[in-house]
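**Student:** Following is a predicted model, sequence given first.
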Amino acid sequence: MRVFESIDELVAAKGEQLGPTDWFEITQERVDTFADATDDHQWIHIDKERAEAGPFGTTIAHGYLTLSLIAHFGKALYRIKNLTMGINYGLNKVRFPAVVPVGSRLRASGEVLDVKPAAQGVQLFSRITIEIDGGDKPACVAETVSLLVP
């Protein structure tokens with residue numbers, strides 16, 4: 001984990017690579033819980049028998065489940081000292097180049113793209129790449145924007 005002592009240190013880290021994190025397993029229980037939370041019960045996510053005969057040979061994680069893990073991985077990639085708060089401000093670009101079969105292990109790496117002044121502090125622009133253990137393509141690549149309030 002990269003610890004930034006200040007916003008100024010973060011600004012100076014433009015272009016810096018972060019991570020990778022430890023591996024994180026995607027279980028069917030997590031996929032089912034996400035399906036319940038989002039009311040997205042599409043069979044490719046929750047019906048093991050039907051999914052075995054489907055295009056991926058097994059159930060797969062929701063793309064938005066994979067995306068939501070950025071919150072989990074972010075805590076393992078970096079920390080910035082002396083902040084009142086950091087909040088999600090949005091996403092500029094998100095892609096899901098590969099599906100995530102249940103049972104896969106994921107990890108993330110990041111890059112500090114930019115830090116710009118904002119009314120309440122600064123906006124951190126970062127690229128987070130979530131990879132699949134043994135996969136040829138990443139599961140998710142997202143440009144995130146965070147509002148950091150000193």
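**Tutor:** Sure, I can see it.
**Student:** Can you show me the strands along the chain?
**Tutor:** 2-4, 17-18, 24-25, 78-80, 85-95, 105-118, 121-132, 140-149 (DSSP state E).
**Student:** which of the ones you listed sits most buried?
**Tutor:** Of those, the one with the most neighbours on average (mean count of other Cβ atoms under 10 Å) is strand 121-132, at a mean of 21. Using the backbone N, CA and C atoms, a C-beta is placed for each residue, glycine as well.
**Student:** That one to strand 85-95, inter-axis angle?
**Tutor:** With axes from the mean of the first three to the mean of the last three Cα atoms, to 10 degrees applied, the angle from strand 121-132 to strand 85-95 works out at 50 degrees.
**Student:** List the neighbouring strands of strand 121-132 plus their orientation.
**Tutor:** Counting by DSSP bridges, the strands paired with strand 121-132 are strand 105-118 (antiparallel), strand 140-149 (antiparallel).
**Student:** as a whole number, average confidence for that strand?
**Tutor:** Mean pLDDT, strand 121-132: 98.
**Student:** With adjacent residues omitted, what lies nearest to Ala13?
**Tutor:** Counting by Cβ to Cβ, 6 or more residues apart in numbering, Ala13 lies nearest to Val112, which is 4.8 Å off, once chain neighbours are set aside.
**Student:** how near is the one you found to Lys81?
**Tutor:** Using Cβ to Cβ, to the nearest Å, we find Val112 at a distance of 16 Å from Lys81.
**Student:** Now for Val145: which residues touch it?
**Tutor:** Asn88, Tyr89, Gly90, Leu91, Asn92, Gln123, Leu124, Phe125 (Cβ atoms under 8 Å, 6 or more residues apart in numbering).
**Student:** The fourth one and Phe73, how far apart?
**Tutor:** Relative to Phe73, Leu91 is positioned 14 Å away (criterion: Cβ to Cβ).
**Student:** repeat for the second one
**Tutor:** For Tyr89, the distance to Phe73 equals 17 Å [Cβ to Cβ].
**Student:** what sits against the closest residue to Leu65 other than its chain neighbours?
**Tutor:** Distances taken as Cβ to Cβ, 6+ apart place Phe34 nearest to Leu65, at 4.4 Å, with adjacent residues excluded. Applying Cβ under 8 Å, 6+ apart, we find Phe34 in contact with Asp40, His45, Ala61, His62, Tyr64, Leu65, Ser68.
**Student:** who's in contact with the nearest residue in space to the third one that is not next to it in sequence?
**Tutor:** If you skip the residues right next to it in sequence, Ala61 has Val100 as its closest partner in space, 4.1 Å away by Cβ to Cβ, 6+ apart. Val100 makes contacts with Ile26, Ile60, Ala61, Leu65, Thr66, Leu106, Ile132, Ala139, as judged by Cβ under 8 Å, 6+ apart.
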